[in-house]
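Peer 1: Sequence first, predicted coordinates after that:
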Amino acid sequence: MGNGEGGGDGIRVGYALPLKKVDTLITPSLVTCAQQRGIHLIPIDLHKPLIDQGPFHCLVHKIYSDDWNRQLLDFKSKNHSVLIIDSPDAIQRLHNRISMLDFVNQLSPSPFPISFGIPRQIVVDDSNAQLLNDPNNLLKFISFPAIAKPLVADGSAKSHEMSLVFNAQALIELRPPVVLQEFVDHGGVVFKVYVAGNHVKCVKRRSLPDASRQLQSQAQGGILTFSQISNLADDKGANCLDDAQVPPVDFVEFMAKNLRQALTLHLFNFDMIRDRRVSAELGIRYLVIDINYFPGYAKIPGYEAMLTDFLYDVVKNTRDNKDADLQHERQGQMGNAAE
Ligand SMILES: O=P(O)(O)O[C@@H]1[C@@H](OP(=O)(O)O)[C@H](OP(=O)(O)O)[C@H](O)[C@H](OP(=O)(O)O)[C@H]1OP(=O)(O)O
Ligand SMILES: Nc1ncnc2c1ncn2[C@@H]1O[C@H](COP(=O)(O)OP(=O)(O)O)[C@@H](O)[C@H]1O
Ligand SMILES: [Mg+2]
Ligand SMILES: [Mg+2]
């Protein structure tokens, strides 16, 4: 056993998180809830080498740096049995708004009378920046209004700065690399689905209103910038929120599992909107518009139990699998000895 591998009583979970996230997530209520299931949440000191810390059964993290990724690799190579949630390579896919969503159209189709997909989108970077001056060509890919999103989604304030673009003239305001995504009318509500392994919760949040004339009139020069609209606390749009029906639980759970398996991630949330353009014959359709690694779980009611159950299950399942492997191995040895 490496020094970092957990032994002894209880389940030891190390967490490596930015201070802001520690403050919001590692609350006394979470610590108590975890302790009641024998889980100890242990802060990892980011000023000291990871390799000198532990022991842990499991390690969760949201630190984005090459140095941290190297430390994780080194730690894992010396502590094989420590579960690292999640792998930096799998997380990396969510740092680019194209790789974050492009696989969604290839997922297993929905077995429910509800379909899913993503909005039409195109990346504009150095290789095709001339598209911004060539709206006729651009219109082959997307239509207006469109949302321009920074290509990189690395958690920085900049990566959340969006613009609603109403016409081709406004395109010159954009700074590539950006993703231009069709704006889809969706009734002003976004559904946020929080996933922690096979534990799933869906909540409603306010979103941009349907691309009305009123919005367009506010857009000077055909462009309107905004940031983290779903976290804004004012109560405009509260009516749409109250009236909106959350998608059926079965469908939400199906989507969560589908995404979890494709991404090979345990801790994430995804934003879904209901496509209001879809006609009655075509039925109900949801579009995935954003996927975030290790989001703000503390905003959902009952998050303490959700995260505790997840950590318990993930460590216990790994232990059970190891015990089964060991038993299998022993039976094999006994079989050999008997021959
Ligand atoms: O801080 P919070 O609670 O607003 O959580 C943010 C998330 O909000 P949500 O839980 O989806 O409402 C937020 O989700 P959105 O991008 O707003 O959909 C991000 O996950 C954000 O992380 P990052 O800055 O993109 O790395 C999350 O920020 P960090 O907590 O990771 O800093
Ligand atoms: N294609 C779209 N059509 C309509 N509204 C959208 C679309 N994409 C994003 N939005 C709105 O913009 C918000 C921010 O976009 P999102 O991709 O979730 O970025 P962030 O990573 O900053 O949360 C969403 O929560 C939703 O309200
Ligand atoms: Mg979002
Ligand atoms: Mg996001």
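Peer 2: Sure, I can see it. Numbers count the residues shown, from 1 in each chain. Ligands and ions are numbered 1, 2, ... in the order given.
Peer 1: alpha carbons only for contacts and neighbour counts from here, please
Peer 2: Noted.
Peer 1: so where's the stretch 201-339 of the chain uncertain?
Peer 2: Scanning the stretch 201-339 of the chain for pLDDT under 70 picks out the ranges 229-238, 280, 323, 325-326, 333-339.
Peer 1: Mind doing that once more with 50?
Peer 2: 233-234 (pLDDT under 50).
Peer 1: Skip the chain neighbours and tell me the closest residue to Lys62.
Peer 2: Leaving aside its sequence neighbours, Lys62 sits nearest to Leu17 (Cα to Cα, 6 or more residues apart in numbering; 5.2 Å).
Peer 1: and the one you found, what pLDDT?
Peer 2: For Leu17, the pLDDT comes out at 98.
Peer 1: That one and Pro49: what is the separation?
Peer 2: In this view, Leu17 and Pro49 are 15 Å apart by Cα to Cα, to the nearest Å.
Peer 1: So which of those two has more stuff around it?
Peer 2: Set Leu17 next to Pro49 and count neighbours by other Cα atoms under 10 Å: Leu17 wins out with 21 against 12.
Peer 1: ok, the more buried one - contacts?
Peer 2: Leu17 makes contact with 61-63, according to Cα atoms under 8 Å, 6 or more residues apart in numbering.
Peer 1: what do you get for Ser65?
Peer 2: Counting by Cα under 8 Å, 6+ apart, Ser65 has no contacts.
Peer 1: again with Asp275
Peer 2: So Asp275 contacts 184-186, 284-287 (Cα under 8 Å, 6+ apart).
Peer 1: quick one on the thing from earlier: between the contacts of Leu17, which is closest to ligand 1?
Peer 2: Relative to ligand 1, the closest of those is Lys62; by Cα to the nearest ligand atom it sits at 7.4 Å.
Peer 1: near ligand 2, which residues of the stretch 151-300 of the chain?
Peer 2: For the stretch 151-300 of the chain, the residues in contact with ligand 2 (Cα under 6 Å from any ligand atom) are 160, 181-185, 190, 207-208, 228-230, 289-290.
Peer 1: Out of the residues you listed, which are close to ligand 1?
Peer 2: When those are checked against ligand 1 using Cα under 6 Å from any ligand atom, the ones in range are Gln228.
Peer 1: quick one: which of the residues of the stretch 151-300 of the chain next to ligand 2 is nearest Cys240?
Peer 2: Taking Cα to Cα as the measure, Cys240 lies nearest Ser207 of those, at 9.4 Å.
Peer 1: just checking, that closest one touches Lys192?
Peer 2: No - contact status for Ser207 versus Lys192: not in contact, 10.9 Å apart, counting by Cα atoms under 8 Å.
Peer 1: what's the most distant pair in the residues of the stretch 151-300 of the chain next to ligand 2?
Peer 2: Going by Cα to Cα, the pair spanning those furthest: His160 and Asp185, at 20.1 Å.
Peer 1: Now Asp185. Nearest residue, chain neighbours left out?
Peer 2: Among residues not flanking Asp185 along the chain, Asp210 sits closest, at 4.7 Å (Cα to Cα, 6+ apart).
Peer 1: Which residues are in contact with the one you found?
Peer 2: 184-188 are the contacts of Asp210 under Cα under 8 Å, 6+ apart.
Peer 1: tell me the phi and psi of it?
Peer 2: Backbone torsions of Asp210, given as degrees, to the nearest 10, read phi -60, psi 150.
Peer 1: Could you do Asp271 as well?
Peer 2: For Asp271, the backbone dihedrals are phi -100, psi 130 (criterion: degrees, to the nearest 10).
Peer 1: What is the neighbour count of it?
Peer 2: Asp271 is flanked by 20 other residues according to other Cα under 10 Å.
Peer 1: Likewise for Ser143?
Peer 2: 18.
Peer 1: that older thread, closest to ligand 1 among the contacts of Asp275?
Peer 2: Leu287 (14.0 Å).
Peer 1: quick revisit: with pLDDT as new columns, can the contacts of Asp210 be given to me in JSON lines?
Peer 2: Below are these laid out as JSON lines (pLDDT from 0 to 100):
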{"residue": "Val184", "pLDDT": "95"}
{"residue": "Asp185", "pLDDT": "93"}
{"residue": "His186", "pLDDT": "93"}
{"residue": "Gly187", "pLDDT": "92"}
{"residue": "Gly188", "pLDDT": "92"}
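Peer 1: Give me the buried positions along the helix ranked longest in the chain.
Peer 2: Among the segments of the chain that qualify as a helix by DSSP state H, the longest is helix 303-338. Of all the residues in helix 303-338, those buried under the rule 16 or more other Cα atoms under 10 Å are 303-312, 314-315.
Peer 1: On the three-state scheme, Ile289 is what?
Peer 2: Three-state call for Ile289 (DSSP: H, G, I helix; E, B strand; the rest coil): strand.
Peer 1: Would you quantify the distance from it to Ile98?
Peer 2: For Ile289 relative to Ile98 (Cα to Cα), the value is 10 Å.
Peer 1: And the most centrally placed residue in the chain, which helix or strand is it part of?
Peer 2: For the chain, the residue nearest the mean C-alpha position is Asn292 (2.6 Å; Cα atoms, centre = their mean). Following DSSP states H and E, the helix or strand that holds Asn292 is strand 284-293.
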